[in-house]
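Asker: here are the coordinates; sequence isn't available:
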């Protein structure tokens with residue numbers, strides 16, 4: 001018989017009540033309102049996202065990576081496991097409570113990924129961080145940008161003005177990357193139009209659907225084309 005869920009913490013947000021639940025030692029849920037945002041036992045696509053986004057940097061010298069969205073920390077853990085000890089990882093997370101959960105009850109799930117000395121967590125909007133980096137350019141640019149945000153790109157995304165997945169935002173993403181940079185994006189489903197927008201912004205795109213059968217999440221991987229360089 002399955003154990004009942006126990007509510008660990010709740011917080012009010014503009015989108016509804018954000019809640020952390022637990023049953024058993026490693027079985028956690030994060031919900032908002034009536035929606036399940038993530039389950040600690042279903043993290044395959046988040047792990048693949050981090051691996052694909054940063055696997056090419058394992059032997060790099062002092063790589064810089066931006067992670068958008070902390071969640072339960074599984075993507076961050078996969079990113080860190082794919083990087084050298086000299087790496088620098090910035091995580092942009094909107095909600096400070098998520099950071100508190102990852103430092104507290106969720107820490108054991110990821111070997112306390114947020115406590116890794118390579119990691120700096122910034123409470124703020126990742127779209128703003130990308131835009132600032134694009135404007136600054138130079139050494140502030142990233143080797144990889146990894147976006148693990150709820151839903152991700154989808155059919156109703158504003159194709160031009162969406163702050164993360166629209167064509168204008170993707171131009172900022174391109175400009176915020178170093179030559180040969182990579183952007184990896186989690187999606188609840190595959191979105192053909194987003195794939196095309198990535199290509200239009202100068203990326204060579206591949207898509208991975210981790211797992212087997214049923215509804216599988218999508219991981220979009222865009223590699224920067226040298227024929228269309230960032231300013």
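Answerer: Cool, got the structure. Nothing here was measured: the structure is a model prediction, and the numbers come from that model.
Asker: what comes into contact with the helix or strand of the chain with the lowest mean pLDDT?
Answerer: Each helix and strand of the chain was given a mean pLDDT (mean pLDDT, DSSP states H and E); the minimum falls on strand 35-39 at a mean of 92. Residues outside strand 35-39 that contact it (C-beta atoms under 8 Å, 6 or more residues apart in numbering): 27-31, 46, 71-72, 150. Every C-beta, even on glycine, is put in place using the N, C-alpha and C of the backbone.
Asker: Would you tell me which one of those residues comes nearest to residue 19?
Answerer: Using C-beta to C-beta, residue 31 is the member of the contacts of strand 35-39 that sits closest to residue 19, with 4.9 Å.
Asker: Show me what that closest one is bridged to.
Answerer: On the basis of DSSP bridges, residue 31 is bridged to residue 19, residue 36.
Asker: Report the contact partners of it.
Answerer: With C-beta under 8 Å, 6+ apart, residue 31 has these contacts: 18-19, 21, 37.
Asker: I'd like the residues you listed as JSON lines, with distance to residue 88 appended.
Answerer: Below are the contacts of residue 31 laid out as JSON lines (distance: C-beta to C-beta, whole Å):
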{"residue": "18", "distance to residue 88": "29"}
{"residue": "19", "distance to residue 88": "33"}
{"residue": "21", "distance to residue 88": "33"}
{"residue": "37", "distance to residue 88": "27"}
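Asker: Please convert the buried members of these into PyMOL selection syntax.
Answerer: Buried residues within those, by 16 or more other C-beta atoms under 10 Å, are selected in PyMOL with:
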select buried, resi 18+19+21+37
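Asker: among the contacts of residue 31, which one has the lowest pLDDT?
Answerer: pLDDT across the contacts of residue 31 is lowest for residue 37, at 92.
Asker: For this structure, just list every one of the strands.
Answerer: Here the chain has its strands, by DSSP state E, at 6-13, 16-23, 27-32, 35-39, 64-68, 88-93, 119-123, 142-147, 177-187, 203-208, 218-224.
Asker: any chance of those in CSV, plus distance to residue 51?
Answerer: Converted to CSV, the strands of the chain look like this (distance: least, C-beta to C-beta, whole Å):
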stretch, distance to residue 51
strand 6-13, 29
strand 16-23, 26
strand 27-32, 22
strand 35-39, 18
strand 64-68, 13
strand 88-93, 14
strand 119-123, 17
strand 142-147, 10
strand 177-187, 9
strand 203-208, 10
strand 218-224, 9
